[in-house]
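# here you go, sequence then predicted model.
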Amino acid sequence: MDYIRCLVLAAGILTALFSNVSSATPGHAASASPEPCKLTGELRPYCGVPFPEDLEPIPGTHSVIASDMHLKAGPTGIEPQPGVLKLVDLENGMVTPLYPAASTARGRLGWGDPACTQEIGKALLPHGIHLSRRQDGAWQLLVVNHGSRESVEFLELLPRGKRWFARWRGCVVAPASSHLNDVAALPGGGFLVSTMHMGNSAATREAASRAAKGENTGFLWRWSPGSMIARQPGSDTPMPNGVQVDHAGRYAYINTASQGGDVRKLDLASGQVVATVAVPNPDNASWTMAGRLLVGGVAAGPKPMACFVDPAAPCPVPSEVYEIDVKAMTAQRIFAHTGAPLNAATVAVQADDDLLIGSCFGDSFVAVKGVFRADE
């Protein structure tokens, strides 16, 4: 199956989204098929974490937040379901609901668009997530949501002893027909969010085909407190996926589907792309402690259609992680693996010395031990 057709199918799953307490230990699967969750060589799986499309470690802790891009195979095809953000203890493997959950703190407005006053709650269908500190020190978790509205939701993380809770703090609703994917905070309480394209399902198929040829299909929306959401100048790209912003808020890094995949460095002030580096099929991105950019994705070549037939099933395709020197804009592959317990990679993050890799398929993410030990 060629790459363009697979892009169309993947984007078609995203289109379906817009029309509409567990515990486990590493190495023990919560799903009916335990094989993908067996310890395999250097890979340590964390199971009972469905559809961990994006991951965000909480600095200074042994906990990581997992998205739950819950897609179910039904009689009519892919059926999106509400998802629950999970909190995973990397030391003991315990998995607990973070939001929505019985422990969720009562919502309080103040961080998003004043016009968005309805808490998302159980309608949440999360996609990309981003954790940061606001200027007053509060922990902010941004969540791309496809449930009941196409939006970026603001959550506040609240520590209570050794536990974490979440409180809804507002949202920003995207313009009609946006196909959002990933989000990154800006200094001052704003954000950038990627929209792969605008339009209906027919536009999705066309956009995927155009992107594979290197044609622009989408862009970044930019929102800041007191302003309307608007297009970020210079961000037009082929099917933009993951997005990150440097600490100073000067540059955005956009993962695209252009002719096999690349990462683009955008000067936010001038609206100019100042550098580009080729990376195969880049999905989400994250920052290492040393200030390099990690990009996870599947290896170059076709994406097996079987992975999209039943998203809950394992997807043991070749996965890779690249590390980008953002000053030189050079990329180096630091990890590659095919098969269980790793599903098709969508995100890679650093947690202490370890590399964590998530996927929009299956019931687990994995840790690769000691990858960043040499960075000390």
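Received, thanks.
# Gly110: neighbouring residues, count only.
Per other CB atoms under 10 Å, the neighbour tally for Gly110 reads 11. The way it works is simple: take the backbone N, C-alpha and C, and place the C-beta from them, glycine included.
# how far away is it from Pro225?
From Gly110 across to Pro225, the span is 10 Å (CB to CB, to the nearest Å).
# where along the stretch 151-300 of the chain do the helices fall?
Secondary structure of the stretch 151-300 of the chain (DSSP state H, counting those that start in this stretch): helices at 201-212.
# low-confidence ranges in it?
By pLDDT under 70, the low-scoring segments of the stretch 151-300 of the chain are 201.
# would you map the strands across it?
151-160, 163-173, 178-185, 191-198, 219-223, 230-231, 243-245, 251-256, 262-267, 272-278, 282-287, 293-298 (DSSP state E, counting those that start in this stretch).
# those strands into CSV, with extra columns for mean neighbour count?
Formatted as CSV, the strands of the stretch 151-300 of the chain follow (neighbours: other CB atoms under 10 Å):
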stretch, mean neighbour count
strand 151-160, 21
strand 163-173, 20
strand 178-185, 25
strand 191-198, 25
strand 219-223, 22
strand 230-231, 12
strand 243-245, 24
strand 251-256, 26
strand 262-267, 21
strand 272-278, 15
strand 282-287, 26
strand 293-298, 27
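# could I get the ones you listed as a markdown table with distance to Ala345?
Formatted as a markdown table, the strands of the stretch 151-300 of the chain follow (distance: least, CB to CB, whole Å):
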| stretch | distance to Ala345 |
| --- | --- |
| strand 151-160 | 24 |
| strand 163-173 | 26 |
| strand 178-185 | 15 |
| strand 191-198 | 18 |
| strand 219-223 | 23 |
| strand 230-231 | 29 |
| strand 243-245 | 16 |
| strand 251-256 | 13 |
| strand 262-267 | 15 |
| strand 272-278 | 17 |
| strand 282-287 | 7 |
| strand 293-298 | 4 |
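# which of those sits closest to Arg133?
Between Arg133 and those, the tightest spacing by CB to CB is seen for strand 178-185, at 8.9 Å.
# what backbone torsions are found at the nearest residue to Phe372 once chain neighbours are set aside?
Counting by CB to CB, 6 or more residues apart in numbering, the nearest residue to Phe372 once its immediate chain neighbours are dropped is Asp353, at 4.9 Å. With angles defined as degrees, to the nearest 10, Asp353 sits at phi -90, psi -10.
# just give me the neighbour total for Asp353.
Neighbours around Asp353, by other CB under 10 Å: 16.
# in this structure it contacts Ala374, no?
No: with contact defined as CB atoms under 8 Å, Asp353 does not reach Ala374; the gap is 9.2 Å.
# ok, the residue lying farthest from the centre of the chain to Pro318 distance?
Taking CA atoms, centre = their mean, the residue of the chain most remote from its mean C-alpha position is Gly161, at 28.0 Å. Remark: distance between Gly161 and Pro318 (CB to CB) = 42 Å.
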